[in-house]
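>>> The following comprises the amino acid sequence and a computationally predicted model.
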Amino acid sequence: MHKEELLELHAQLVTIMEYFSDREDVNAARFEPYRGLDVTPDDVHKSKSEHKHAVFVLGNALANAMSDDEFSDAGRIGKRMRELADDAESKL
C-alpha cells in the first residue's frame, strides 16, 4: 500500500472513530491508545510505518468497540489488529 492510500485509510478510520466516540453506548476511553500515539492523518511528515501502526491501533479500538466479546467476529478482528499493531510497533 502506498503512503497516500494509507493516509486515506487512516482518515476514514478516524471518521468512524468520531462516529463511535459520539455514541453514548461506546466508552470513548477505548480510543485513548490511538490518541496517545499523536499520529493523525494530517501528519503527512510522519513515516509510513508510524501511520501503519496508528491504523492498526485504531482498527483494534474500533473492532473492540463493535464487539460483544472476544469470540465475536469483531472481537477476533480486534485481536488480530492488536497483533498487527504490536508487530508494526516493533518495526518503528
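Yep, that arrived. Residues are numbered from 1 along each chain as shown.

>>> Which helix or strand contains the spatially most central residue of the chain?
For the chain, the residue nearest the mean C-alpha position is residue 58 (1.1 Å; CA atoms, centre = their mean). In this assignment (DSSP states H and E), residue 58 forms part of helix 48-66.

>>> Then residue 16?
Going by DSSP H and E, residue 16 is part of helix 3-22.

>>> How far off centre is that helix?
Centroid separation between helix 3-22 and its chain, computed with CA atoms, centre = their mean, to the nearest Å, is 8 Å.

>>> And for residue 7, the neighbour number?
Neighbour count of residue 7, defined by other CB atoms under 10 Å: 19. C-beta coordinates here come from the backbone N, C-alpha and C atoms, glycine included.

>>> How about the secondary structure of the closest residue to it other than its chain neighbours?
Nearest in space to residue 7, with sequence neighbours left out and distances taken as CB to CB, 6 or more residues apart in numbering, is residue 41 at 5.3 Å. Using DSSP: H, G, I helix; E, B strand; the rest coil, the structure places residue 41 in coil.

>>> tell me the pLDDT at the nearest residue to residue 51 once chain neighbours are set aside?
Of all residues not flanking residue 51 in the chain, residue 6 sits nearest, at 5.1 Å (CB to CB, 6+ apart). Per-residue confidence (pLDDT) for residue 6: 96.
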